[in-house]
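[1] Just a sequence and a predicted model for now, questions to come.
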Amino acid sequence: MEVPNLNRAVWLMVLALLTICALPVQSSSQITFEKTYGGPDDDMGYCVRQTTDGGYVILGTTERWGPGWQEIYLVKTDSLGHVGWTRTYGLTGWDVGYSVQQTSDGGYVIVGQEGPVGPDFTDIYLLKTDSLGAVDWAKTYDYEYGRDLGASVQETSDGNYIIAGAVEAGYHDMYVAKIDFKGAPIWTRAYGGSSYDGGQSVQQTEDGGYIIAGYTSSFGAGMADMYLIKTDPSGDSTWTRTYGGIVGDYGESVRQTSDSGFIIAGYTWSFGAGDTDVYVIKTDFLGGVVWTKTYGSASRDKGHEIQETTDGGYAIVGITVPPGSITYDAWLIKTDSSGDTVWTGMYGGAQQDIGRSVWQTSDGGYIITGSTISYGEGCFDVFLIKTDENGLVARDVALASIDSPPDTVFADSSYRVKATVMNLGNGFANVYAVATIDGYIDTVGAAGIDPDTSRDVYFEFWHVPPTDSTTYRIKVCVYAPGDLDSLNDCMEKDIYAYVPVGVTEEIGTHDIRIAGLTSVQPNPFSGTALISYSIPQRSHVVVEILDPAGRSVQSLVDTRQGPGAYQVVWKPEDRPSGVYLCRFKAGSHADVKKMVLVR
């Protein structure tokens, strides 16, 4: 008996067990899930926050659902990620929402950009909605003919709003504005020099002033540096800092920390392991560096948002390229108060998956939004991930059936083993399946099974040894990496194999026990299909091909045959791709099998 793929299967099982041992145990009391939202075109998630009712609000952009070709997209969900309502906002062109916050009256404030022409000619766009997403008011702020955008918004302690972004005044400047509760500017400020500067994140500080993080090409040590500005309540700068090396370094997110200092996250070309790395800087209350950290590998890694966690550490979300891959996964890094890594989580499938925003939830877990091509309906979809306190998402995979080979097979023949795998969990599952048959071992990685769905997995062809008639036991097991429970989800099937007796009037020693179609191989097929059947006694046999409506397409066998095992080839010639039926009749017995022709 040949044993193909043994080393690969053993290695895979060992790797999975090592992964399981290295992961923390998931807290069963915490809700976890992965969801996607959107249509067949690009839909992106940029910001997520937990709402006062325990659900979530997600802000981004959609290319399908609104009146223009790209609209601001707001999704409100319950605590399980089920959609309560969605809204789109915008005029007729390029509209993007970057930042959202639930306001003290239960509504939402949104900032982004709006432009009738395209991404190079936009205005800052600020919207205030009620609790159901209906617009209270919407304002645009146009400061120069070029690309103006709002990247971050927060309700201030006096019931007004602070926004940060960039305006194009020759070059881009970092832009900060205080806006009243009806959308009228109270004051505006621009910071920067003779090159490109911009604001990405703003927060009101404990002294009533503001902290703004972004990037500068006008100042600092390199092509671009992280840019941090502290202002008083009127927006006047009290101090500025730059951080970085001789290449490019960008600030994406800033928060004041519980010790009155600041934590900044972004990405760096100047430091780290290679390409870009996640870049985090902890400062004191005057912007002096307490520590810096980089996270990542030689591939591209970026940090997009950071939050201080209840234990005094930090959660950073962004992207990373996993080992052996060429595409991004969403990446969550949990650190202690010194920036040392406690654990990391990667989320996604075989395609591009991006993490943009993170928020620690009231149960101690994390909610993440971004975008995914691996899952969902279209190109990019909005990606929402709820993890437990250890960054894990519950996955529960199981076997529905072992569907082939048939219960009776011919010795000295090859058969493909097919199993149906179910994902019973609430997150996308990258499932592995292992089949063993009397020493034959093969594995299949069935990446990306959506929640509450199933898919068929196919193993290599199993060759039945040319021995006397005997019974073989097929065993298939499935598991999701990191999920010990599903590792034990196995199913077995007994297969009776016999040596064909050929065409003869007598059954003889090797009893052919059943009449019927035994297999159609391969299936799906593109050129020819081999149809196998057996009969226990002399009978009039009919084998014909039907279309899905039951109309005869071609007769293959219509004659009397003696007991034995037979094969007939169907070559469909110029028949189109699609589903066909193979109908078998022998005496009073009849069988039908579905065949799929793929050109």
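    Received it, and whenever you're ready, just let me know what you need.
[2] residue contacts, T327?
    V321, G348, A350, Q351, Q352, D353 (C-beta atoms under 8 Å, 6 or more residues apart in numbering). Placement of C-beta: from N, CA and C, glycine included.
[3] you'd agree Q567 is up against A529?
    No - taking contacts as C-beta atoms under 8 Å, Q567 lies outside contact range of A529: 10.6 Å.
[4] which non-adjacent residue is nearest the residue sitting nearest the centre point of the chain?
    Nearest to the geometric centre of the chain sits G348, at 3.4 Å (C-alpha atoms, centre = their mean). Once flanking residues are discounted, G348 sits nearest to D329: 4.0 Å by C-beta to C-beta, 6 or more residues apart in numbering.
[5] Where neighbours are concerned, which of the contacts of T327 has the most?
    For the contacts of T327, the largest number of neighbours (other C-beta atoms under 10 Å) sits with G348, at 31 neighbours.
[6] Tell me how many other residues surround N430.
    If we define neighbours as other C-beta under 10 Å, then N430 has 18 of them.
[7] Distance check, it against G107.
    Noted for N430: a distance of 39 Å to G107, by C-beta to C-beta, to the nearest Å.
[8] try Y472
    Y472 is 65 Å from G107, where distance means C-beta to C-beta.
[9] what sits against F461?
    When contacts are counted by C-beta under 8 Å, 6+ apart, F461 touches S414, Y415, R416.
[10] out of those residues, who has the most neighbours?
    Within the contacts of F461, neighbour counts (other C-beta under 10 Å) peak at Y415, which reaches 23 neighbours.
[11] can you pull the contacts of the closest residue to that residue other than its chain neighbours?
    Among residues not flanking Y415 along the chain, P405 sits closest, at 3.6 Å (C-beta to C-beta, 6+ apart). If you count contacts by C-beta under 8 Å, 6+ apart, P405 has them with Y415, R416, V417, W462, I474, I495, S519.
[12] And for V393?
    T32, F33, E34, Y347, I385, K386, T387, G425, N426, G427.
[13] Who wins on neighbours among the residues you listed?
    I385 (29 neighbours).
[14] Buried residues, the helix or strand Y98 falls within. List them.
    Following DSSP states H and E, one finds Y98 within strand 94-102. For strand 94-102, a neighbour-count test (16 or more other C-beta atoms under 10 Å) marks W94, D95, V96, G97, Y98, S99, V100, Q101, Q102 as buried.
[15] show me what contacts the fourth one?
    This means G97. 46-47, 59-61, 72-74, 89, 110-112, 125.
[16] Quickly name whichever of these is closest to V176.
    For those, the minimum distance to V176 (C-beta to C-beta) is 11.9 Å, reached by V111.
[17] hang on, the earlier thing: distance of the residue nearest to the centre of the chain from D301?
    14 Å.
[18] Not counting sequence-adjacent ones, nearest residue to Y267?
    For Y267, ignoring the flanking residues on the chain, the nearest one in space by C-beta to C-beta, 6+ apart is K302 at 4.1 Å.
[19] which residues does the one you found form a beta bridge with?
    Bridge pairing for K302 (DSSP bridges) gives the partners I319.
[20] Just the CA trace of stretch 31-50, in PDB.
    The C-alpha trace of stretch 31-50 is given here as PDB (Å, rounded to 0.1, in the frame of the first residue of the first chain):
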ATOM      1  CA  ILE A  31     -18.900  36.900  22.900                       C
ATOM      2  CA  THR A  32     -16.700  36.500  19.900                       C
ATOM      3  CA  PHE A  33     -17.500  36.700  16.200                       C
ATOM      4  CA  GLU A  34     -16.300  37.800  12.700                       C
ATOM      5  CA  LYS A  35     -18.700  39.500  10.400                       C
ATOM      6  CA  THR A  36     -18.600  41.300   7.000                       C
ATOM      7  CA  TYR A  37     -20.800  44.000   5.600                       C
ATOM      8  CA  GLY A  38     -21.200  45.400   2.200                       C
ATOM      9  CA  GLY A  39     -22.000  44.600  -1.400                       C
ATOM     10  CA  PRO A  40     -20.200  43.400  -4.500                       C
ATOM     11  CA  ASP A  41     -18.000  46.500  -4.800                       C
ATOM     12  CA  ASP A  42     -15.400  47.900  -2.400                       C
ATOM     13  CA  ASP A  43     -16.600  48.600   1.100                       C
ATOM     14  CA  MET A  44     -14.000  49.700   3.700                       C
ATOM     15  CA  GLY A  45     -14.100  50.000   7.500                       C
ATOM     16  CA  TYR A  46     -12.100  52.800   9.100                       C
ATOM     17  CA  CYS A  47     -13.400  53.300  12.600                       C
ATOM     18  CA  VAL A  48     -15.400  51.300  15.200                       C
ATOM     19  CA  ARG A  49     -16.600  52.100  18.700                       C
ATOM     20  CA  GLN A  50     -18.700  50.300  21.300                       C
END
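[21] That one: which residues count as buried?
    31-38, 41-50.
[22] starting at the chain centroid, how far to the helix or strand hosting G165?
    Taking DSSP H and E as the criterion, G165 maps to strand 161-169. In terms of C-alpha atoms, centre = their mean, to the nearest Å, the centre of strand 161-169 is found 32 Å from the chain centre.
[23] where does the stretch 251-400 of the chain dip in pLDDT?
    Within the stretch 251-400 of the chain, no range satisfies pLDDT under 70.
[24] where exactly do the strands run in it?
    262-268, 277-283, 289-295, 302-308, 314-320, 329-335, 341-347, 353-360, 366-372, 381-387, 397-404 (DSSP state E, counting those that start in this stretch).
[25] Out of those strands, which is closest to G248?
    Of all the strands of the stretch 251-400 of the chain, it is strand 262-268 that lies closest to G248, at 7.5 Å by C-beta to C-beta.
[26] Next, the angle from that closest one to strand 277-283.
    Angle, strand 262-268 to strand 277-283, by axes from the mean of the first three to the mean of the last three C-alpha atoms, to 10 degrees: 160 degrees.
[27] Okay, angle between strand 262-268 and strand 314-320 too, please.
    Using the same axes, to 10 degrees: strand 262-268 against strand 314-320 is 10 degrees.
[28] let's number from 114 now, not from 1
    Renumbered: residue one is now 114, and that last one reads strand 375-381.
[29] buried residues in strand 375-381?
    Buried positions in strand 375-381, judged by neighbour count with 16+ other C-beta under 10 Å: F375, I376, I377, A378, G379, Y380, T381.
[30] And for stretch 296-308?
    Neighbour-count burial for stretch 296-308 flags G296, R302, A303, Y304, G305 (criterion: 16+ other C-beta under 10 Å).
[31] Okay, and the beta partners of the second one?
    In this structure, R302 has the following beta-bridge partners (DSSP bridges): V289.
[32] Run through the residues that contact it.
    With contacts defined as C-beta under 8 Å, 6+ apart, R302 is in contact with Y288, V289, A290, T344, G348, D349, S350.
[33] G311 is in contact with the second one, correct?
    In this case it means V289. No - under the criterion of C-beta under 8 Å, V289 makes no contact with G311, lying 11.1 Å away.
[34] mind listing the helices in the protein by residue range?
    Applying DSSP state H to the chain gives helices spanning 119-135, 597-600.
[35] Break this protein into its domains for me.
    Residue ranges for the domains of the chain, per automatic domain parsing: 119-126+509-611, 149-500, 629-710.
[36] So which of those has the densest surroundings on average?
    Among these, domain 149-500 has the highest mean neighbour count (mean count of other C-beta atoms under 10 Å), at a mean of 20.
[37] What's the end-to-end length of that domain?
    Domain 149-500 has an end-to-end distance of 15 Å (C-alpha to C-alpha, to the nearest Å).
[38] Mind pulling up the pLDDT for G558?
    On pLDDT, G558 comes in at 68.
[39] what do you get for the one 5 residues further on?
    According to the per-residue confidence, D563 scores 77 in pLDDT.
[40] List the backbone torsions phi and psi for it.
    When quoted as degrees, to the nearest 10, the phi and psi of D563 stand at phi -70, psi 160.
[41] pretty sure it contacts Y488?
    Yes - the criterion here is C-beta under 8 Å, and D563 meets it with Y488 at 6.4 Å.
[42] any shared contact partners between the two?
    What both D563 and Y488 touch, as defined by C-beta under 8 Å, 6+ apart, is the set F541.
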